[in-house]
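K.L.:
Mind looking at a prediction? Sequence and model below.
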Amino acid sequence: MRFIDKLRKVSQKNNSLVCVGLDTDERKIPPFLKSEEDPVFKFNREIIDSTGDLVCAYKPNMGFYEALGTKGWEALRKTCEYIPSEIPIILDAKRGDIGNTAQMYARALYEVMKADAVTVSPYMGRDAIQPFLEYEGKCAFILCLTSNEGAKDFQLSMIAGRPLYEIVAEKVLSWNERGNCGLVVGATYPDQLKRIREIAPTLPFLIPGVGTQAGEVESTVKYGADENGELAIINSSRAIIYASSGRDFASAARTEALRLRDLINLYRPTK
């Protein structure tokens, strides 16, 4: 099954554009979990169990697992195995290197970790991204306009009279020969999000920034989703998974995920 078909199927089943970011920081999980043999996996498992019927995807951020060394990789592997097979896994790795190195990154993330999608950087050009595009049914989400303040340093720069993010969006659209490209576009730049959707109406967008970064939900849905109210994967990480630091952390995460799902759905077009 193609990534985009898997995404549409679970999004329709759960009536959801919510992606829960599993940015699990071992220092921030509830203290009572730290006596577990694998506290990070235990935390993730409880979050998945409590939110699995409310999401369209899960997005573990690689940095939080790599920082823990081998035990972090093991926690990530078990997390990816535990996520229900119908729900897409997006590994937020932001890889981008020369072709032979990119092949190894793609192999590690798609074959070993069994990810459905990976985030990659376009800075080094197509040959650094091509290995990720050669996997049938997978998706490479290419950084276009990120949600952080530093996006202004390069991504909003003008190149030959046009902002760089527009050039990236058009280039990625031209790479979408197999239907396995997507774009990362931050909710914190709604006007630019609108323009990027105009350029790439058929691509899935991974949209960070609606949680603790305070991206505005209405404009995110209006400008980020396609004409059918789909193809927007609206990520929230800390606001959901750290909704509580107590023994009720999983139920609190569910409450926040449900709140966000229902808020998003207020602004989706009705069929």
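P.N.:
Cool, got the structure.

K.L.:
per-residue confidence averaged over the longest helix along the chain?
P.N.:
Determined from DSSP state H, the single longest helix within the chain is helix 249-266. Averaging pLDDT along helix 249-266 gives 97.

K.L.:
what packs against it?
P.N.:
Applying 3 or more Cβ pairs under 8 Å, 6 or more residues apart in numbering; DSSP states H and E, one finds that helix 249-266 contacts strand 18-22, helix 39-51, helix 217-224, strand 232-236, helix 238-241. All C-beta atoms are positioned from the backbone trio N, CA, C, and that covers glycine.

K.L.:
how about 6 Å then?
P.N.:
Judged by 3 or more Cβ pairs under 6 Å, 6 or more residues apart in numbering; DSSP states H and E, helix 249-266 is in contact with strand 18-22, helix 39-51, helix 238-241.

K.L.:
Any idea how far that helix is from the middle of the chain?
P.N.:
Centroid displacement of helix 249-266 relative to its chain, using Cα atoms, centre = their mean, to the nearest Å, is 17 Å.

K.L.:
again, but for stretch 171-189
P.N.:
The answer for stretch 171-189 is 13 Å, by Cα atoms, centre = their mean.

K.L.:
can you pull the buried residues of it?
P.N.:
For stretch 171-189, the neighbour count (16 or more other Cβ atoms under 10 Å) marks 171-172, 175-176, 180-189 as buried.

K.L.:
any chance of these in TSV, with pLDDT, secondary structure and distance to Arg238 too?
P.N.:
TSV is the format used below for the buried residues of stretch 171-189 (pLDDT from 0 to 100; DSSP: H, G, I helix; E, B strand; the rest coil; distance: Cβ to Cβ, whole Å):
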residue	pLDDT	secondary structure	distance to Arg238
Lys171	97	helix	32
Val172	98	helix	28
Trp175	97	helix	32
Asn176	97	helix	31
Asn180	96	coil	29
Cys181	98	strand	28
Gly182	98	strand	23
Leu183	98	strand	23
Val184	98	strand	18
Val185	97	strand	20
Gly186	95	coil	15
Ala187	93	coil	14
Thr188	91	coil	15
Tyr189	92	coil	20
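
K.L.:
can you tell me which of those lies nearest to Glu230?
P.N.:
Nearest to Glu230, judged by Cβ to Cβ, of the buried residues of stretch 171-189 is Gly182 at 12.7 Å.

K.L.:
how close does that closest one sit to Val210?
P.N.:
According to Cβ to Cβ, to the nearest Å, Gly182 stands 17 Å off from Val210.
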